[in-house]
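In: below are the sequence and a predicted model for it; my questions follow.
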Amino acid sequence: MRSLVTLATLAVLATAAIPAAAAERQPGVDEQAVLSQEVRWMDAMTRQDGPVLDQVLAPEFTLAGLGAPGRPGVPRAVWIDNALHHLVVQSERFDETHASVFGDTAVVNAVFSWRGVFNGEAFTDKVTLVDVWVRRGGRWQVVSRLVEGYRPPED
């Protein structure tokens, strides 16, 4: 009987701690902050806004393809140079986004459509993105983007 009382007490204490922890985390606030940064980043790319790109991209940022794990990624400096000097974005939009936050790290899965001109060649593309964000000094920065051509879900 005593062990049942102990188990019941532990169960009550454990469930009582859940609402307090959830209240501290403020569900949805961090996810919205990261998704807002995603939009800010792509808007800055479209406007060729170097200062915003410099704030959003972490020093160690890399862009890589999901289908080529052994291939070196595109480093931050090259990505920013391409965005500012070689790319004209005519339209861009997030078709889907989902953010998951794990403390000071976040992962965003997205479907992104865009159209533009890169080094004089027109393109239209729809891709799946996986972005990894870290919070430093209260500010979210993207450290990695993995990209792959979009494949519609199978029925």
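Out: Structure received. Numbering: from 1, shown residues only.

In: going forward, measure contacts and count neighbours with C-alpha atoms only.
Out: Fine.

In: now residue 101: how far from residue 66?
Out: 21 Å (Cα to Cα, to the nearest Å).

In: make that residue 42, sorry
Out: 20 Å.

In: next: residue 76.
Out: Where residue 66 is concerned, residue 76 sits at a distance of 17 Å (Cα to Cα).

In: can you check residue 34 too?
Out: The value you get for residue 34 to residue 66, if Cα to Cα is used, is 22 Å.

In: with residue 47 instead?
Out: 27 Å.

In: ranges for the strands of this protein?
Out: Using DSSP state E, the strands of the chain run over 57-65, 74-75, 87-102, 105-118, 121-136, 139-149.

In: deepest in the core, which of the ones you listed is it.
Out: Mean neighbour count (mean count of other Cα atoms under 10 Å) peaks for strand 139-149 among those, with a mean of 20.

In: by contact count, what packs against it?
Out: Applying 3 or more Cα pairs under 8 Å, 6 or more residues apart in numbering; DSSP states H and E, one finds that strand 139-149 contacts helix 50-56, strand 57-65, strand 121-136.

In: go through the ones you listed and name the closest to residue 143.
Out: Among the helices and strands packed on strand 139-149, strand 57-65 comes nearest to residue 143, with 4.2 Å by Cα to Cα.

In: what bridges to residue 108?
Out: residue 99, residue 131 (DSSP bridges).

In: wait, it sits on residue 128?
Out: No - taking contacts as Cα atoms under 8 Å, residue 108 lies outside contact range of residue 128: 10.4 Å.

In: if we can go back for a sec, to residue 88, which of the helices and strands packed on strand 139-149 lies closest?
Out: strand 121-136 (9.3 Å).

In: quick one: contacts of that closest one?
Out: 34, 104-117, 140-151 (Cα atoms under 8 Å, 6 or more residues apart in numbering).

In: how about a cut-off of 7 Å?
Out: Strand 121-136 is contacted from outside by 104-117, 140-150, using Cα atoms under 7 Å, 6 or more residues apart in numbering.

In: in PDB, could you pull the C-alpha coordinates for that strand?
Out: Extracted C-alpha coordinates of strand 121-136, given in PDB (Å, rounded to 0.1, in the frame of the first residue of the first chain):
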ATOM      1  CA  GLU A 121      20.400  32.600 -66.800                       C
ATOM      2  CA  ALA A 122      16.700  32.600 -65.900                       C
ATOM      3  CA  PHE A 123      15.400  29.900 -63.500                       C
ATOM      4  CA  THR A 124      12.200  28.800 -61.900                       C
ATOM      5  CA  ASP A 125      12.600  26.400 -59.000                       C
ATOM      6  CA  LYS A 126      10.700  24.700 -56.100                       C
ATOM      7  CA  VAL A 127      12.900  23.200 -53.400                       C
ATOM      8  CA  THR A 128      12.700  21.500 -50.000                       C
ATOM      9  CA  LEU A 129      14.900  23.300 -47.400                       C
ATOM     10  CA  VAL A 130      16.200  22.200 -44.100                       C
ATOM     11  CA  ASP A 131      17.600  25.100 -42.100                       C
ATOM     12  CA  VAL A 132      19.400  24.900 -38.800                       C
ATOM     13  CA  TRP A 133      19.300  28.000 -36.600                       C
ATOM     14  CA  VAL A 134      21.100  28.800 -33.300                       C
ATOM     15  CA  ARG A 135      20.200  31.400 -30.800                       C
ATOM     16  CA  ARG A 136      23.200  33.500 -29.700                       C
END
